[in-house]
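Colleague: how would this look folded up:
(2 chains)
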2 protein chains.
Amino acid sequence: MQDSARRGQGRALYDELRARMADGTYGPGAALPSTRALAGERGLSRTTVSLVYEQLAADGFLDTRPGAASRVAASALPPAKAGHGGPLQAGPRPVDRLSAIGTRMAALDLHHLASEVPDEIDFLYGPLAGRDFPTGAWLKALRSVERQHGARLDYEDPRGNLALRKALQKHLSQTRGLSCSVDQLMIVSGSQQALDLCARLLLDPGDPVVVENPGYRMAHHVFEGCGARLQCVDVDAQGLCTDQLAGIAQARLIYVTPTHQFPLGGFLPIGRRRSLLDWAAERGAWVIEDDYDSEYRYAVRPEAPLQSLDLHGRVIHVGTFSKTLSPQLRLGYMVLPPQLVPAFATAKRLADRHANTGLQRALALLLEDGSHDRHVRRIRRLQQARQRVLLDTLAAQLGPRVVVEGAASGLHVVAWLPGLAPAQEPALVALALRQKVRVHPVSPLFHPAGPAAARQRRPAGLVMGYALLTLAQIEEGVKRLAAVVRRLEPEAGWGRIF
Amino acid sequence: MQDSARRGQGRALYDELRARMADGTYGPGAALPSTRALAGERGLSRTTVSLVYEQLAADGFLDTRPGAASRVAASALPPAKAGHGGPLQAGPRPVDRLSAIGTRMAALDLHHLASEVPDEIDFLYGPLAGRDFPTGAWLKALRSVERQHGARLDYEDPRGNLALRKALQKHLSQTRGLSCSVDQLMIVSGSQQALDLCARLLLDPGDPVVVENPGYRMAHHVFEGCGARLQCVDVDAQGLCTDQLAGIAQARLIYVTPTHQFPLGGFLPIGRRRSLLDWAAERGAWVIEDDYDSEYRYAVRPEAPLQSLDLHGRVIHVGTFSKTLSPQLRLGYMVLPPQLVPAFATAKRLADRHANTGLQRALALLLEDGSHDRHVRRIRRLQQARQRVLLDTLAAQLGPRVVVEGAASGLHVVAWLPGLAPAQEPALVALALRQKVRVHPVSPLFHPAGPAAARQRRPAGLVMGYALLTLAQIEEGVKRLAAVVRRLEPEAGWGRIF
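Modeller: Here you go, the predicted structure:
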């Protein structure tokens, strides 16, 4: 007989005996027929019946003893209590039973995921184009690592695969002038996990945290999820306005994007960097330096990070492969001050053990054999060309009606529209969508509880990403957008707000 | 000129100008030479010098104005304050600045990662053998998904890739009789992340949590990391002793391994399952059902999970691919009560956005085309054969000196040694290691704060995993181990403690 047929018969018998226990035919203590008798009665092999009895015993429904009849276990079916089969409202409402963190998460209304609409030109910042991914090199690396499994597929160091950390250490030294030991490096599931670990390990509910405004909202959410109180600091063309820090007496943490402020694009100059670090040292605040797109500096190579100016071991440097390879890869890294390593390694281990080993080993190969560098050089040229077309077309189409900020690096610029007020952004978005162009206003990146003045002194603005688009799409998209902007600013003598 | 050579010259000039600003040669407000003059002086192209000036301006070190000399920015170098270059002790000691969670993490002394020693026979439970991994099928799936990237590499649904969730829904229905909607399924980075998310979203500091003792220590650590108070409940051959639950008036959460209690291996019978669910419903407690190795039932198929008996929407079912594919894959799943989905999806998104897309799509293919099922059938036979050799050799070598528990399923058994006391476990481990056999005692899996009686009424015991070993290694390892056990029990009339 086929194994599967026998399993089917065994399963049917198992279910039937369970049903008879449930309906009371075989009550607790009742003896079951012998395997021989039942096999004969049902036309089954005795092996099948024995296996079913063994399984019922293993599952706790039968007591079996060599030489004695198998009996239904006393614990198999306790008397049912009143209210058993009750509906959901029998207990306290489960959503009332969330933790303080859970309650905040349940209340958080994150924007829905943007979906791709065919024929639409989307200036979304964040995603990369599938056609830019180095599929050949990546598949070669995956093949190579998958064919060389270790003898033992075991949990790894929570800080990540050692080969990757070594390759990354060298990479960061060469590309960022960042010097750290392999021990300080921790591979995380994207920079988002780095922020989350920082929030959990460094923030207690009620702690003050300084953030850029406008800024990276996913960071704001993480800190607020932990119960932190956010203190918004303004941003100008040179990044965080560090002169405002003096008025902040206490902070547990400050989160900054000094290489390319998100979203406005400023580069924090050395003077502000020193002010920020001094302020943090005086207050004993931790500094998260989110270096999310430093690969895309289009002129000279990027300036040394805050981490290398830090004399007090307070800077946590965070980076990602989401901007060079793919956001779907979920690989990023942290450079930790040495004294924080034990707590973070433990937390990472308890959070999810470690990042996927195969992906880490493949990425290590890409860094070691130079294909990551080659890819970055190639994609940097592509992105720069896209940016150029974006800037040229904006200038040609809108002239002084547009002021672009943050074009020195990265994968997006901010296009301010001095003739439009922030309140006109929704109309701009809606009118552009009718032309199958999707644009993304700056306003949602301001913290809703931050000072209204920060938002109101600026005109309408758009965060314009170009990584997804072809040169032709960028040109066409800007032309359609410009027509919409001109429609919203119909007067020849349009007034400049900015 | 090569791009790289020009970049090198530009970089050198950039560094030199920065150094001159730092040493005061060019103080704030000082005019720099014109690009033409400096280019002539240095024998550089004017383009190179212009790029350097632009970069210095972008970095905030220079103020540039069309038609005017570039000047060192006022903010480029603030006067240094006293104590700037101070050593690490200048600020508060950073480890004093951890959150309550961070402080607990830093204090937690997790066992070090087990390393692989050549020639050693290691009965470690947890890892899988590299040779058992379905490399061919996995690589084929990876190739297939990597060659079909979407046009847009974007962040995905935090609950995971839809194709995988659909395939998993079908898989769970077929293999576990578990019925849920695709919306209730969330892909996580291994079951560890499921536990971590539950702890954060469901537990406030001080909340009582019921756990099995002995039990899965990584779960204990996660709950304690969130500040929960653990209530230990004993375990017998049928899993959790649910009769002890009546004495526990309050609990926010209960964590159980009902299909195959870890580590003792009991299967929780239906009576206890009902008692547990009733108790949880009465107290409004959440139930985590960790279904970590249900694929390895060696007789009939596994019994229906707690999740399918749950009438009150309180059970969170957790599973993993760590036991069928690889612990290094970091893919697991949760089946959530519908009302918990929004909070968990938000938390997952803030924690790390979502699991790696490529891995999820590859796993979906393996589930869809039947190769995962084929692999499980194959590896189940292999594991069962290993278990059989383990049990046979233990019986042949040690006879009544060993009592095996938990062999109905899974990838490990517990071998109790009734002639040895728990205090002799370290000696047993040390003596075995001299014979190049590594064994792992049960004692560390008891909660150190749990009742001492729970541990003391049992003899010495070993958690014996067999997934890593060949049949020959198992046989040889048990023979060496048996010699050590006999040495520790030298008397002919050895006394049974158990």
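Colleague: so what's residue A:352 up against?
Modeller: Counting by Cβ atoms under 8 Å, 6 or more residues apart in numbering or on different chains, residue A:352 touches A:189, B:188, B:189, B:190, B:192, B:193, B:196, B:330, B:352. The C-beta positions use only the backbone N, C-alpha and C, and glycine is treated the same way.
Colleague: nearest to residue A:477, of those?
Modeller: The nearest member of those to residue A:477, counting by Cβ to Cβ, is residue B:352 at 31.8 Å.
Colleague: ok, that closest one to residue B:330 distance?
Modeller: 11 Å (Cβ to Cβ, to the nearest Å).
Colleague: Common neighbours of those two, please.
Modeller: Shared contacts of residue B:352 and residue B:330, defined by Cβ under 8 Å, 6+ apart, comprise A:352, B:189.
Colleague: follow-up on the earlier one: take the contacts of residue A:352 and lay them out in JSON lines including pLDDT and secondary structure.
Modeller: Below are the contacts of residue A:352 laid out as JSON lines (pLDDT from 0 to 100; DSSP: H, G, I helix; E, B strand; the rest coil):
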{"residue": "A:189", "pLDDT": "98", "secondary structure": "coil"}
{"residue": "B:188", "pLDDT": "98", "secondary structure": "strand"}
{"residue": "B:189", "pLDDT": "98", "secondary structure": "coil"}
{"residue": "B:190", "pLDDT": "97", "secondary structure": "helix"}
{"residue": "B:192", "pLDDT": "98", "secondary structure": "helix"}
{"residue": "B:193", "pLDDT": "98", "secondary structure": "helix"}
{"residue": "B:196", "pLDDT": "98", "secondary structure": "helix"}
{"residue": "B:330", "pLDDT": "98", "secondary structure": "coil"}
{"residue": "B:352", "pLDDT": "98", "secondary structure": "helix"}
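Colleague: could you redo those residues as TSV and give each row distance to residue B:426?
Modeller: Below are those laid out as TSV (distance: Cβ to Cβ, whole Å):
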residue	distance to residue B:426
A:189	37
B:188	36
B:189	34
B:190	31
B:192	28
B:193	33
B:196	31
B:330	33
B:352	39
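Colleague: those strands in the stretch 201-350 of chain A, which residues are they?
Modeller: With strands called from DSSP state E, counting those that start in this stretch, the stretch 201-350 of chain A shows them at A:208-213, A:229-236, A:239-240, A:253-256, A:286-290, A:315-320, A:332-335.
Colleague: what's the answer for the stretch 351-498 of chain A, then?
Modeller: Counting by DSSP E, counting those that start in this stretch, the strands of the stretch 351-498 of chain A are A:403-405, A:412-417, A:437-438, A:460-465.
Colleague: Which of those strands sits closest to residue B:20?
Modeller: Of the strands of the stretch 351-498 of chain A, nearest to residue B:20 by Cβ to Cβ is strand A:403-405, at 29.1 Å.
Colleague: Specify the helix with the largest residue count in chain A.
Modeller: The helix that spans the most residues within chain A, counting by DSSP state H, is helix A:371-398.
Colleague: and that helix, is it in reach of chain B?
Modeller: No. On the criterion Cβ under 8 Å from any Cβ of the partner chain, helix A:371-398 is out of touch with chain B, staying 9.1 Å away.
Colleague: Just the mean pLDDT for that helix, thanks.
Modeller: Mean per-residue pLDDT for helix A:371-398: 97.
Colleague: do the same with stretch A:483-491
Modeller: Stretch A:483-491 comes out at a mean pLDDT of 85.
Colleague: Can you give me the domain assignment for chain A?
Modeller: Per the record, chain A has its domains at A:2-89, A:121-128+A:374-492, A:134-370, by automatic domain parsing.
Colleague: Go through those and pick out the most buried.
Modeller: domain A:134-370 (a mean of 22; mean count of other Cβ atoms under 10 Å in any protein chain shown).
Colleague: Compute the first-to-last residue distance for that one.
Modeller: 13 Å (Cα to Cα, to the nearest Å).
Colleague: ok, so what distance separates whatever residue of chain A ends up closest to chain B from residue B:161?
Modeller: Chain B sits closest to residue A:269 of chain A, with a gap of 2.1 Å, by Cβ to the nearest Cβ. According to Cβ to Cβ, residue A:269 and residue B:161 sit 43 Å apart.
Colleague: list the buried ones in stretch A:108-121?
Modeller: Residues of stretch A:108-121 classed as buried: A:108, A:121 (neighbour count, 16 or more other Cβ atoms under 10 Å in any protein chain shown).
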